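Visitor: please work out how this folds:
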Amino acid sequence: MFRQTPCEIHNAQRRRKLRTSFVQRTILASTNGFRIYVTNLNNSISRDDVAEIFASVARVIAATVFVSGDGQHEAEVVFTEERHAQEAVRVFDMCTLDDTPMRVKILHK
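Guide: Purely as a prediction, here's the structure:
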């Protein structure tokens, strides 16, 4: 029986995670609206957490959490109106979530 080394297992899991992230981002890219980009997320934060947090500002059309190429957890959130995206930046930029200060900015097309 063929056994994988711990490194091979880790790499396979990471590739699966990156493929899932790519699919989520592709779906999100087809969503119209005003986007914010969230960086420096604690790795325990889920898509549902992000959607719930930012829904306190306004209705969230779509949200996704993904792992960047350098292993950082990041998110994109889409709002229906530009003013809602701006308010989310004002309220949440440098807000500490699970002991980690989030960075939030408008994502320009």
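
Visitor: now the strands: where do they sit in the protein?
Guide: Applying DSSP state E to the chain gives strands spanning 34-41, 60-67, 73-79, 96-97, 100-101, 103-107.

Visitor: which residues touch the residue lying closest to Arg59 once chain neighbours are set aside?
Guide: In this structure, Arg59 finds its nearest non-sequential neighbour in Thr80, 6.3 Å apart by C-beta to C-beta, 6 or more residues apart in numbering. Placement of C-beta: from N, CA and C, glycine included. With contact set as C-beta atoms under 8 Å, 6 or more residues apart in numbering, Thr80 has these partners: 33-34, 58-59, 61.

Visitor: go again using 7 Å as the cut-off
Guide: By C-beta atoms under 7 Å, 6 or more residues apart in numbering, the contact set of Thr80 is 33, 59, 61.

Visitor: buried members of these into ChimeraX, please.
Guide: Of the contacts of Thr80, the buried ones can be selected in ChimeraX as follows, counting by 16 or more other C-beta atoms under 10 Å:
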select :33,61
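
Visitor: looking at the contacts of Thr80, which gets the smallest pLDDT?
Guide: When the contacts of Thr80 are compared by pLDDT, Gly33 scores lowest at 89.

Visitor: wouldn't it be in contact with Phe79 here?
Guide: Yes - using C-beta atoms under 7 Å, Gly33 is in contact with Phe79, at 5.7 Å.

Visitor: turn the strands of the chain into TSV, columns for distance to Gln86.
Guide: Shown next, in TSV, are the strands of the chain (distance: least, C-beta to C-beta, whole Å):
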stretch	distance to Gln86
strand 34-41	8
strand 60-67	15
strand 73-79	9
strand 96-97	19
strand 100-101	19
strand 103-107	7
